[in-house]
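Asker: how does the following fold in three dimensions:
(one chain, ligands or ions: 1)
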Amino acid sequence: MELLLYALISDLHSNLEAVEAVFEDMAAFPVDAILCLGDVIGYGPNPREVLEAVRNVDVILMGNHEEGLLFYAEDFNPKARQALEWTKDQLNLPEYPRDENYGLWELLDGLPKSERRAGATLVHGSLRNETKDYVMPEDIGDADKMGEIWSALKDRVCFFGHTHIPGVWTEGGRFRRPAELKDEFVLGEEKVLVNVGSVGQPRDADPRASYVLVDGDRVIFRRVQYDYVSTMRKILKTGVLSDTLAARLKVGR
Ligand SMILES: [Fe+2]
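Answerer: Okay, the predicted model is just below:
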């Protein structure tokens with residue numbers, strides 16, 4: 001598939017305000033396709049609405065939260081597991097038509113764990129474990145871990161999410177944050193991993209929603225302001241989702 005300009009989103013985490021702000025930002029560009037790297041749900045207050053918002057994007061990968069919702073969540077921390085239980089209830093609410101609930105589950109069912117598009121590999125976690133492996137900035141110094149990933153990578157770039165920390169890891173052994181790159185990285189011959197950051201729960205000390213545009217060889221990191229106060233209020237209003245899930249949106253941690 002030849003894509004001239006495409007957008008990569010990840011880790012939306014049921015945050016409707018962030019998703020809407022990102023889609024609005026994206027509308028200013030002639031985007032050919034939107035590719036979603038997983039964790040559409042979990043943590044946030046609007047799982048139904050966020051699933052509907054991504055229903056028609058070109059690719060949705062399975063994240064660990066979708067996997068946890070569908071299969072098992074033993075390895076989740078208590079807050080994340082509690083959010084998944086709450087999410088499950090939201091997708092089964094009896095006041096909605098049964099077909100509508102079924103349609104949400106159908107969207108989650110059978111999501112792929114990886115894809116290759118436009119000369120790029122897409123996963124949620126890493127090529128070592130597509131849904132669960134975390135590639136952190138400091139892992140650039142872990143020769144064994146990185147070696148496994150580089151040898152599994154058949155394209156020049158792998159886009160991923162999961163850690164909620166955007167950046168570029170090069171096969172030459174460098175990690176660079178978007179700020180160091182002035183928000184733009186040009187793909188060349190060298191293999192690289194690119195984390196697109198998180199739309200709905202950034203953890204790099206910047207509360208703005210994160211996503212990436214790819215224009216030919218150019219990888220452009222975008223940050224978008226959104227109304228996180230509304231999202232925080234909705235989280236608290238559930239009476240079930242942990243207060244810390246609200247508090248972290250404000251600080252991007
Ligand atoms: Fe996530």
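
Asker: pretty sure Asp11 sits against Ser198.
Answerer: Yes: A contact is recorded between Asp11 and Ser198 when judged using CB atoms under 8 Å, the distance being 3.6 Å. Every residue, glycine included, has its C-beta placed from N, CA and C.

Asker: quick one: the strands in the stretch 151-253 of the chain?
Answerer: For the stretch 151-253 of the chain, the strands defined by DSSP state E, counting those that start in this stretch occupy 157-160, 167-170, 175-176, 184-186, 192-195, 209-215, 218-224.

Asker: nearest to Gly103 among those would be which one?
Answerer: The closest approach between Gly103 and any of the strands of the stretch 151-253 of the chain, judged by CB to CB, belongs to strand 209-215 at 25.4 Å.

Asker: could you give the angle of the closest one to strand 218-224?
Answerer: Compare the direction of strand 209-215 with that of strand 218-224 by axes from the mean of the first three to the mean of the last three CA atoms, to 10 degrees and you get 150 degrees.

Asker: got the contact list for strand 209-215?
Answerer: By CB atoms under 8 Å, 6 or more residues apart in numbering, the list of residues contacting strand 209-215 from outside reads 3-10, 15, 18-19, 21-22, 25-26, 29, 31, 118, 120, 159, 164, 166, 194, 196-200, 202, 204, 219-226.

Asker: so is that strand next to the ion?
Answerer: No: judged by CB under 5 Å from the ion, strand 209-215 makes no contact with the ion; its nearest approach is 11.9 Å.

Asker: buried ones in that strand, by neighbour count?
Answerer: Judged by neighbour count using 16 or more other CB atoms under 10 Å, the buried positions of strand 209-215 are Ala209, Ser210, Tyr211, Val212, Leu213, Val214.

Asker: where does the last one land on pLDDT?
Answerer: What it means is Val214. You'll see Val214 listed with a pLDDT of 98.

Asker: just the strands in the stretch 1-150 of the chain please.
Answerer: Listed in chain order, the strands found in the stretch 1-150 of the chain under DSSP E, counting those that start in this stretch are 5-9, 33-36, 59-60, 114-117, 120-123.

Asker: how about these in TSV, adding mean neighbour count, distance to Glu180 and mean pLDDT?
Answerer: As requested, the strands of the stretch 1-150 of the chain are arranged in TSV below (neighbours: other CB atoms under 10 Å; distance: least, CB to CB, whole Å; pLDDT from 0 to 100):
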stretch	mean neighbour count	distance to Glu180	mean pLDDT
strand 5-9	23	20	97
strand 33-36	22	25	98
strand 59-60	20	29	98
strand 114-117	16	27	97
strand 120-123	24	22	98
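
Asker: redo these as a markdown table? Include distance to Ser242.
Answerer: Conversion of the strands of the stretch 1-150 of the chain to a markdown table gives the following (distance: least, CB to CB, whole Å):
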| stretch | distance to Ser242 |
| --- | --- |
| strand 5-9 | 24 |
| strand 33-36 | 25 |
| strand 59-60 | 26 |
| strand 114-117 | 31 |
| strand 120-123 | 28 |
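
Asker: need those in TSV (columns: distance to the ion).
Answerer: Listed next are the strands of the stretch 1-150 of the chain as TSV, based on distance: least, CB to the ion, whole Å:
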stretch	distance to the ion
strand 5-9	12
strand 33-36	12
strand 59-60	14
strand 114-117	16
strand 120-123	13
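
Asker: so which of those gets nearest Trp150?
Answerer: Ranking the strands of the stretch 1-150 of the chain by proximity to Trp150 (CB to CB) places strand 120-123 first, at 11.6 Å.

Asker: so which residues make contact with the closest one?
Answerer: Applying CB under 8 Å, 6+ apart, the external contacts of strand 120-123 come out as 8, 35, 37, 59, 61, 113-116, 127, 130, 153-160, 214.
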